[in-house]
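Trainee: for reference, the sequence and a predicted model appear below.
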Amino acid sequence: MIIAVGSDHAGYEAPEPLYKPSIISYLESLGHVVIDCGTSGTESVDYPDFADAVCEAILNGRADCGVLICGTGIGIGMAANRHRGIRAATCTTTEMVRLARAHNDANILAVGRRILPLNQCFELISLFLSTPFEGGERHSRRIGKMG
Ligand code: RB5
């Protein structure tokens, strides 16, 4: 898959391992192609700018889905959900991820650097990428109502 990845400066927060580069390496180790939508360092930036870049990559067909990182995963997920056609899910558990894919057909997973250990982010990302949308009239109708 082609996966757009974006974060604000929280994705580069010490201590190491730094989340954004580690998540990119993890995705590449699974055989995916990553589009790096920034940011690329510790300088303070605004998370909506990086959410917008990831959403654009998905909406114009350059990426299949996205992963977003900020301090909590909340702000960057909120910003992404301003885009019609984007369904970003900020998740902290495997059950949230499973249902975000199976029922909501989420096309972005947002995670929080200050909330989850890196290994748990990897686990959530792997599940996000391997869980199919369940489909069916009920879920499709609800998703359709979101535009
Ligand atoms: C940046 O310090 C922080 O506010 C941001 O990464 C995020 O947690 C917002 O939701």
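Mentor: That came in fine, so what should we check first?
Trainee: enumerate the residues of the chain near the ligand.
Mentor: Asp8, Ala10, Tyr47, Cys70, Gly71, Thr72, Ile74, Gly75 (CB under 6 Å from any ligand atom). To be clear about C-beta, it is placed using only N, CA and C from the backbone, and glycine gets the same treatment.
Trainee: what ranges do the strands span in the chain?
Mentor: Here the chain has its strands, by DSSP state E, at 2-7, 33-36, 65-70, 88-90, 108-112.
Trainee: reformat the ones you listed as CSV; add distance to Ala102, mean pLDDT and mean neighbour count.
Mentor: Shown next, in CSV, are these (distance: least, CB to CB, whole Å; pLDDT from 0 to 100; neighbours: other CB atoms under 10 Å):
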stretch, distance to Ala102, mean pLDDT, mean neighbour count
strand 2-7, 19, 98, 26
strand 33-36, 24, 98, 16
strand 65-70, 15, 98, 27
strand 88-90, 11, 99, 25
strand 108-112, 13, 99, 28
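Trainee: of all those strands, which lies closest to Glu137?
Mentor: strand 88-90 (21.5 Å; CB to CB).
Trainee: doesn't Glu13 make contact with Thr42?
Mentor: Yes: counting by CB atoms under 8 Å, Thr42 sits close enough to Glu13 to count as a contact (7.3 Å).
Trainee: what about those two, which has more around it?
Mentor: Glu13 (17 against 13; other CB atoms under 10 Å).
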